[in-house]
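Trainee: take this sequence and fold it.
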Amino acid sequence: MVAEPPVRQNLAPHERFGRHRHERAYVALVLRGGYEEAGEAGRRRLAAGDVAIHEMFDGHLNAVAPSGAVVLNLELGGLIGGFGRIADPDAVARLAERDAFAAGTLLRANLVPMAAEALDWPDLLARDLAADPDLALRDWARDRGLAAETLSRGFGRAFGISPKRFRYEGRARAALRGVVGGAAPLADLALEAGFADQAHMSRAVSDLTGHAPGAWRRGSSGCKTAA
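Mentor: Down below sits the predicted model:
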């Protein structure tokens, strides 16, 4: 599939973007300034040369730094969501003006993964939910001296979503990844993603994407896979 033309964004100082999702997988390369992102991979303050990697239907919110930011968005699939860094962001930007596909290839070849930052306890909860979708939220809160209401409210402020919804969407994306990128039976994917059965998985994927797993696998109903 031919990559879509890159989109260069100029973000105003202190601009904020509430939690949102993009259907197609893409990477955001910071060329100037910076911003903080809070998404499925956790939170991180990004500066020039840093990369935010978004899988299909990855949800996140952004808070732009006082300096503002210039960001190059490249449609690029096949990468695990998270963060990374490249040494020469301007080389990617210059190449993207002529050939978006080549720019994506260059970025992929020079990308050094980076972990999310532990800015506060919501980051630790996001990390633990990603590692263990069956995590008992009440036990997690009690072990850290947090009330259940504080847990939900504080996590929502940081990530724009409740811990339960964060876990629910994470499971749905894990299932979608297997549906689009593999051939395993849907019932097996449901169990691997932590759903009680295939019907529960189908509802979650439909809720997240607007289409059932079977439609994604068939490539019908207008569903589009990442490049």
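Trainee: which residue lies nearest the spatial centre of the protein?
Mentor: Geometric centre of the chain, nearest residue: residue 58, 3.6 Å, by CA atoms, centre = their mean.
Trainee: so which residues of this structure form strands?
Mentor: 7-11, 16-21, 26-39, 42-47, 50-54, 59-75, 82-85, 112-114 (DSSP state E).
Trainee: what would the ones you listed look like in a markdown table with mean pLDDT, distance to residue 97 and mean neighbour count?
Mentor: C-betas here are computed from N, CA, C, even on glycine. Formatted as a markdown table, those follow (pLDDT from 0 to 100; distance: least, CB to CB, whole Å; neighbours: other CB atoms under 10 Å):
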| stretch | mean pLDDT | distance to residue 97 | mean neighbour count |
| --- | --- | --- | --- |
| strand 7-11 | 92 | 9 | 15 |
| strand 16-21 | 93 | 25 | 13 |
| strand 26-39 | 96 | 12 | 22 |
| strand 42-47 | 95 | 22 | 20 |
| strand 50-54 | 96 | 18 | 24 |
| strand 59-75 | 95 | 10 | 19 |
| strand 82-85 | 96 | 22 | 20 |
| strand 112-114 | 95 | 24 | 13 |
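Trainee: just put these in a markdown table and tack on distance to residue 181.
Mentor: Formatted as a markdown table, the strands of the chain follow (distance: least, CB to CB, whole Å):
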| stretch | distance to residue 181 |
| --- | --- |
| strand 7-11 | 25 |
| strand 16-21 | 18 |
| strand 26-39 | 17 |
| strand 42-47 | 23 |
| strand 50-54 | 16 |
| strand 59-75 | 17 |
| strand 82-85 | 17 |
| strand 112-114 | 20 |
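Trainee: rewinding a little: distance check, the residue nearest to the centre of the chain against residue 197.
Mentor: 25 Å (CB to CB, to the nearest Å).
Trainee: got the phi/psi numbers for the residue nearest to the centre of the chain?
Mentor: Phi and psi for residue 58, reported as degrees, to the nearest 10, are phi -70, psi 120.
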